[in-house]
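Peer 1: quick one, fold the following:
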Amino acid sequence: MVVQLNSNPNGIQKKPNNYGYAGKPVTETITNGFFTVDSHWIVRYWNRAAEILLKVPAAEIVGKNLWEKFAATISLNSSAAFNEMSPEEIALHFKTYWPEMAAKFDIIAYYCDNTLSVSFTKCNQSANSEYPEQQLKMLNELYKFVTEVTNDSLWEWNLRTNEIFWIDGGHKRAFGYQIENALIPQSFWESRLHPDDKVRVVTKLNQIITGGTAFVWEDEYRFQKANGDYAYVHDRGHIIYERDQASRMIGATQDISTRKSAEMNLLESERKLSLIARQTMNVVIITDSGGKITWVNNAFTRITEYEPQEVMGRKPGSFLQGKETNPTTVQYMRQKMNGKQPFECDIINYTKTGRKYWMHIQGQALLDEKGNCERYFAIETDITDKVLLENQLMQERGTRQREITDAVLTAQESERDDIGKELHDNLNQILGAAKLYIELAKRNVKKKEKIYLDESCNYIINVIEEIRKISKILIVPSVQVMRVSDNIKNLIVD
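Peer 2: Here you go, the predicted structure:
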């Protein structure tokens, strides 16, 4: 498939005039001799330079057999080379010496459709001085049009004879054809068009020519090179009218294979990325440099409930954010985008029907070669289930922690209760009994010994009082687990 990138979709550009140019064909302006013969060696065309180089006027040679006219002039080597050209040979390039002309000639012969085109020049030929002013004027007029297009592979197209003149070896350099300053039939050019492009290109060209109003033909297509490979080319020609009829085009062909390959690779990468973006479970949003949506994927609609046509040209925050959206998070994203910096955060958004959900956003600015922001894209992951699960786990963890704390406190209070009861019931009883026995002993002793018993009794009373206080502290009230504030109050009362 060919991707066309013409700035004008019709490949047509109208201009007000031809700048007054209705000059001679290129074959009449070049210093190379040029002629064509048919399969019977009958001369069909003879240019002005051929007249000068071979000293034979066109009127005396056109329509006559080449060999009969030049039997004594053209060298045997040249004659043999021409006659030995096979139908499969596209071009022949050789040099030969013509004794009768006392000069060595550089010859390029091109054979196609039973027509042999020959371009020749003297190897030591200097610029022709027989008609320099006329030639210079015509060349200036010619190149005024040529410079409007390109300077790669120049050509002149005779729309009446359906012949194309390839100028100055550009096609040899770009496409490998050993043809220079020679006529080729239009059929040869058409045969080199890619089969998938041929109908489109030829149809458009015919429409432009027959339309009679366009002054520029322009198109892109694939052109077969001499080695069989195809090159992507951009062809552009200026149409010249004579008596309101398109008679010739002058233009140039550019090899744009490198650019086209880069464009196709980019398109393929974008196609793959688009396919991935459409199929991913994550939301993908692309905005322009102002933050307005230009593209969303299917996951966006699935999660937000908004159709693409509802959100194009709108800023995401204007309809996705709500009352529980954190303003600090919004400000953070805005600052990062203004600074053309990447960002990552979690945010609460709302669907079209008002359902709250949580999103994890990763945003990035896409910059051009000068560092200016062309667009933004964001990849968003729905983390609602994760957030709800984390909240549930936190609640459950808090409940379990309270249960553990209550259990520990209950166990501790139970242990303290047991200790308090043990101190109150057992030790106080033992000490109470000891105090009773001392009181009884005090009745039957002397006064001196009674002092010691009194002192011992006081100690036991003090111990009993301290144990009572400790047991009261340790023994928990009848309610199960008192609050800290209640325990503090009890301690203050005690």
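Peer 1: for the stretch 301-450 of the chain, give me the ranges with low pLDDT.
Peer 2: Along the stretch 301-450 of the chain, the parts satisfying pLDDT under 70 run over 420, 422-430, 440-450.
Peer 1: how about the strands in it?
Peer 2: Taking DSSP state E, counting those that start in this stretch to define them, one finds strands in the stretch 301-450 of the chain at 343-350, 356-367, 373-382.
Peer 1: Val283: which of those strands is closest?
Peer 2: Val283 lies closest to strand 373-382 among the strands of the stretch 301-450 of the chain, at 4.0 Å (Cβ to Cβ). No exception for glycine: its C-beta is placed from N, CA and C like everyone else's.
Peer 1: for the nearest residue to Asn158 once chain neighbours are set aside, give the beta-bridge partners.
Peer 2: Residue nearest to Asn158 in three dimensions, not counting chain neighbours: Arg248, with 5.8 Å by Cβ to Cβ, 6 or more residues apart in numbering. In this entry, Arg248 is beta-bridged to Asn158, Ile240, by DSSP bridges.
Peer 1: Arg248 contacts Trp155, correct?
Peer 2: No - counting by Cβ atoms under 8 Å, Arg248 stays clear of Trp155, with 10.5 Å between them.
Peer 1: who's in contact with the residue nearest to Asn158?
Peer 2: Pro25, Glu156, Trp157, Asn158, Leu159, Ile239, Ile240 (Cβ atoms under 8 Å, 6 or more residues apart in numbering).
Peer 1: how close does it get to Val201?
Peer 2: 19 Å (Cβ to Cβ, to the nearest Å).
Peer 1: so where is the stretch 101-250 of the chain shaky, pLDDT-wise?
Peer 2: Using pLDDT under 70, the flagged stretches of the stretch 101-250 of the chain are 124-151.
Peer 1: ok, now with 90
Peer 2: 101-154, 160-161, 165-174, 176-184, 209-216, 238, 240-247, 250 (pLDDT under 90).
Peer 1: which parts of it are strands?
Peer 2: Using DSSP E, counting those that start in this stretch, strands in the stretch 101-250 of the chain cover 103-112, 115-122, 153-158, 163-167, 182-185, 216-224, 230-242, 245-255.
Peer 1: could you dump these into TSV and include distance to Ala59?
Peer 2: Listed next are these as TSV, based on distance: least, Cβ to Cβ, whole Å:
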stretch	distance to Ala59
strand 103-112	23
strand 115-122	19
strand 153-158	20
strand 163-167	21
strand 182-185	20
strand 216-224	34
strand 230-242	23
strand 245-255	23
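Peer 1: nearest to Arg397, of those?
Peer 2: Nearest of the strands of the stretch 101-250 of the chain (Cβ to Cβ): strand 230-242, 65.4 Å.
Peer 1: and the closest one, how far out from the chain's middle?
Peer 2: 30 Å (Cα atoms, centre = their mean, to the nearest Å).
Peer 1: also stretch 114-125?
Peer 2: Distance, centroid of stretch 114-125 to centroid of chain: 50 Å (Cα atoms, centre = their mean).
Peer 1: give me the residues contacting it.
Peer 2: Applying Cβ under 8 Å, 6+ apart, the contact partners of stretch 114-125 are 31-39, 44, 50, 53, 82, 85, 95, 103-111, 180-185.
Peer 1: out of the residues you listed, which end up buried?
Peer 2: 31-37, 50, 53, 82, 105-111, 180-185 (16 or more other Cβ atoms under 10 Å).
Peer 1: which strands and helices sit next to the longest helix seen in the chain?
Peer 2: When the chain is parsed with DSSP state H, its longest helix is helix 384-422. The contact analysis (3 or more Cβ pairs under 8 Å, 6 or more residues apart in numbering; DSSP states H and E) places helix 384-422 against strand 356-367, helix 447-474.
Peer 1: a markdown table for these, including distance to Gly176 and mean neighbour count?
Peer 2: Formatted as a markdown table, those follow (distance: least, Cβ to Cβ, whole Å; neighbours: other Cβ atoms under 10 Å):
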| stretch | distance to Gly176 | mean neighbour count |
| --- | --- | --- |
| strand 356-367 | 40 | 17 |
| helix 447-474 | 108 | 13 |
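Peer 1: let's have those in CSV, adding distance to Met281.
Peer 2: Shown next, in CSV, are these (distance: least, Cβ to Cβ, whole Å):
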stretch, distance to Met281
strand 356-367, 13
helix 447-474, 62
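Peer 1: Thr121: neighbour count?
Peer 2: 20 (other Cβ atoms under 10 Å).
Peer 1: quick check: bridge partners of it?
Peer 2: Asp106.
Peer 1: please tell me how far it sits from Gly398.
Peer 2: For Thr121, the distance to Gly398 - Cβ to Cβ - is 99 Å.
Peer 1: picking that back up, the longest helix of the chain to strand 343-350, inter-axis angle?
Peer 2: Between the axes of helix 384-422 and strand 343-350, defined by axes from the mean of the first three to the mean of the last three Cα atoms, to 10 degrees, the angle is 90 degrees.
Peer 1: just the angle for helix 384-422 relative to strand 356-367, thanks.
Peer 2: Using the same axes, to 10 degrees: helix 384-422 against strand 356-367 is 130 degrees.
Peer 1: any idea how far helix 384-422 is from the chain center?
Peer 2: Relative to the chain's own centre, helix 384-422 is displaced by 57 Å; criterion: Cα atoms, centre = their mean.
Peer 1: now render the contacts of Arg248 as CSV, adding neighbour count.
Peer 2: Converted to CSV, those look like this (neighbours: other Cβ atoms under 10 Å):
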residue, neighbour count
Pro25, 20
Glu156, 23
Trp157, 24
Asn158, 17
Leu159, 19
Ile239, 24
Ile240, 20
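Peer 1: great, nothing more from me.
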